[in-house]
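Colleague: Okay, structure incoming, though there's no sequence with it:
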């Protein structure tokens, strides 16, 4: 009994990591790395719960950003590194005003509280907003820059797997709900969201 009691603090301090995520982390360190498999392992186990927890209403974020971008970023965003833009996780609902799903860089424009928001639906999406939003995905955790970049691309590809089909058939006047990530270098930059969730409201 005394031995069990002594072990309790040690057990309680342990961090529970899903098997798939743990395997991906070990492969990442060993250099035998597959970005798609890594993303599949962490998406449901770590990434999606993190985004759900961190997502702030876009209307509230916009007000804070208009007042002071750096203060808003320090409170509700993060920077991947020195000189990087602020990265915010957000959610919102609004009316579709434009749909460009035939373009390579497809997007749906949504008006939220009177302001236009561009929700990217690909198939081509540049940038690494999703990767940069995750504090547990850092450059030092990977064997080289190529692997780190591949994770950014794989995260975006995984997100678009769900978002692009949801955008098909949308038309101006429809209402949509979204959750995703955007980056800002300046307060007056346009809000361009890489979605991790996109759905038509009232479909």
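Modeller: All right, it came through fine. All values reported here derive from a predicted model rather than from experimental measurement.
Colleague: For the top helix by length along the chain, what is the distance to the chain centroid?
Modeller: The longest helix of the chain (DSSP state H) is helix 145-167. Here helix 145-167 is found 10 Å from its chain centre; the criterion is C-alpha atoms, centre = their mean, to the nearest Å.
Colleague: and what of stretch 87-106?
Modeller: 14 Å.
Colleague: re the thing from before, neighbouring strands for the helix or strand following the longest helix of the chain, and are they parallel or not?
Modeller: Per DSSP states H and E, helix 145-167 leads on to strand 175-184 as the next helix or strand towards the C-terminus. Partners of strand 175-184 in the sheet, by DSSP bridges, are strand 86-100 (antiparallel), strand 191-200 (antiparallel).
Colleague: buried sites along the longest helix of the chain?
Modeller: 147-148, 150-160, 163-164, 166-167 (16 or more other C-beta atoms under 10 Å). No exception for glycine: its C-beta is placed from N, CA and C like everyone else's.
Colleague: can you check stretch 162-182 too?
Modeller: Buried residues in stretch 162-182, counted by 16+ other C-beta under 10 Å: 163, 164, 166, 167, 170, 174, 176, 178, 179, 180, 181, 182.
Colleague: Considering the residues you listed, which is situated nearest to residue 107?
Modeller: residue 167 (8.6 Å; C-beta to C-beta).
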